[in-house]
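In: just coords:
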């Protein structure tokens, strides 16, 4: 019995050391993305479809702005430019203009200590990606409300070389993987200048919703409201309330649009990792369509949609 107790103790100590090492690598990743400039080519896979993208990333220097340019290399050219993580120009669909701070990798900045409350972070081995040695981390959810990740971090710079999004069965939902990465060649000005087709983008913040104008009676543990604004619908012209929630790694958005007399059916769909769930709700101001879009399990999105309430409902109780 003493022998088995010793084995359990040694195993527990080893897991604690492994968890500490994994969190240390996440901390190094955060610093690398803040300080390391790079350029390269990566492949994006989703729902069996592949696309190839070039990226040029200039880290902020001496408190200057960071700049990041992405260009799709196959099919019609699609280009996005971000400054300090905020979308500045784009040649893609209007949907891209609604999402701020989206990068090609998990949301930044990562907080390893907070993530450990909702995910189990492990070091699971080594790999080689784009000709570079990497360490492999798994970030596994502690509940059924979010997906897991597998990250391959460059041993030299701690930058992410590969990111896999996995469902509860360990099946691949999304892949981002470098085929080329250059961290030593200085970025020239022309590489950071978008093409003329990259049109300036501004978030059209026609009004700021009152604090608590909309609320969710249920959120997955760890998710908090990150941003809130209104923006005219490109289809109806009605102002859409937009709320973005995140747990530091996963995120989803809630869109609330007045329906007036429009006949719209409830809907639910999933394409790869992205789910879309819409439900019609009645409020004192008339019927609204609530839509949740995000990379969370379908059951999570459905529960969130059912929990969205207008603030006056709480005041009337």
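Out: Done, it's in. Given the structure is predicted, the values throughout are model-derived calculations rather than measurements.

In: any idea how far residue 149 is from residue 261?
Out: Remark: distance between residue 149 and residue 261 (CB to CB, to the nearest Å) = 44 Å. For glycine as for every other residue, the C-beta is placed from the backbone atoms N, C-alpha and C.

In: for residue 224, same thing?
Out: 35 Å.

In: more neighbours, the two?
Out: More neighbours surround residue 224 than the other of residue 224 and residue 261, with 9 against 6 (other CB atoms under 10 Å).

In: check contacts around that one.
Out: Residue 224 sits next to 245, 246, 247 when contact means CB atoms under 8 Å, 6 or more residues apart in numbering.

In: Inside strands: which ones of those?
Out: Those of the contacts of residue 224 mapping onto strands are 245, 246, per DSSP state E.

In: Pick the one among the contacts of residue 224 closest to residue 186.
Out: Using CB to CB, residue 246 is the member of the contacts of residue 224 that sits closest to residue 186, with 33.5 Å.

In: burial of the closest one, as a residue count?
Out: Residue 246 has 18 neighbouring residues, counting by other CB under 10 Å.

In: Tell me how far it lies from residue 118.
Out: As judged by CB to CB, residue 246 and residue 118 stand 11 Å apart.

In: And residue 216, by the same measure?
Out: Here the criterion is CB to CB. By it, residue 216 lies 17 Å from residue 118.

In: Kindly report the same for residue 250.
Out: 9 Å.

In: so what's in contact with the two at the same time?
Out: Counting by CB under 8 Å, 6+ apart, the residues touching both residue 250 and residue 118 are residue 146.

In: These two: which has the busier surroundings?
Out: A direct count of neighbours by other CB under 10 Å for residue 250 and residue 118 places residue 250 higher, at 28 against 20.

In: pLDDT score assigned to that one?
Out: In this model, residue 250 is scored at 91, pLDDT.

In: Contacts only, for the closest residue to it other than its chain neighbours.
Out: Leaving out its chain neighbours, the residue that sits closest to residue 250 by CB to CB, 6 or more residues apart in numbering is residue 146, at 4.5 Å. Residue 146 makes contacts with 118, 119, 220, 247, 249, 250, 296, 297, 300, as judged by CB under 8 Å, 6+ apart.

In: what does residue 223 give?
Out: Residue 223 touches 245, 246, 247, 250, 252, counting by CB under 8 Å, 6+ apart.

In: Check which helix or strand the closest residue to the second one other than its chain neighbours maps to.
Out: Beyond its immediate neighbours in the sequence, the residue positioned closest to residue 246 (CB to CB, 6+ apart) is residue 226, lying 5.0 Å away. For residue 226, the enclosing helix or strand under DSSP states H and E is strand 224-232.

In: Now do the buried residues in that strand.
Out: Within strand 224-232, the residues scored as buried using 16 or more other CB atoms under 10 Å are 226, 228, 229, 230, 231.

In: Beta-bridge partners for the closest residue to the second one other than its chain neighbours, please?
Out: Meaning residue 228. Ranked by CB to CB, 6+ apart and with sequence neighbours excluded, the top spatial neighbour of residue 228 is residue 243, at 5.0 Å. Here residue 243 sits in beta bridges with residue 228, residue 254, as judged by DSSP bridges.

In: Just list the residues touching residue 243, thanks.
Out: Neighbour list for residue 243: 214, 225, 227, 228, 253, 254, 256 [criterion: CB under 8 Å, 6+ apart].

In: now those in CSV, with pLDDT and distance to residue 57?
Out: Formatted as CSV, the contacts of residue 243 follow (pLDDT from 0 to 100; distance: CB to CB, whole Å):
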residue, pLDDT, distance to residue 57
214, 82, 35
225, 88, 28
227, 82, 23
228, 83, 28
253, 91, 24
254, 93, 30
256, 91, 34
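
In: and which of those is nearest to residue 23?
Out: For the contacts of residue 243, the closest approach to residue 23 (CB to CB) belongs to residue 225, at 25.7 Å.

In: list the contacts for the closest one?
Out: Contacts for residue 225 (CB under 8 Å, 6+ apart) come out as 243, 244, 245.

In: Now find how far off-centre stretch 261-277 is within its chain.
Out: Chain-centre distance of stretch 261-277: 20 Å, with CA atoms, centre = their mean, to the nearest Å.

In: For that stretch, give the mean pLDDT please.
Out: 87.

In: swap in stretch 180-199?
Out: Stretch 180-199 shows a mean pLDDT of 90.

In: now do stretch 57-69
Out: Per-residue pLDDT over stretch 57-69 has a mean of 81.

In: can I assume residue 191 sits in a strand?
Out: No - assigned with DSSP: H, G, I helix; E, B strand; the rest coil, residue 191 falls outside any strand and is helix.

In: one step back: which residues touch the residue nearest to residue 246?
Out: Counting by CB under 8 Å, 6+ apart, residue 226 touches 244, 245, 246, 251.

In: distance of residue 183 from residue 154?
Out: Distance, residue 183 to residue 154, by CB to CB: 8 Å.

In: Comparing the two, which residue is more hemmed in?
Out: residue 154 (24 against 16).
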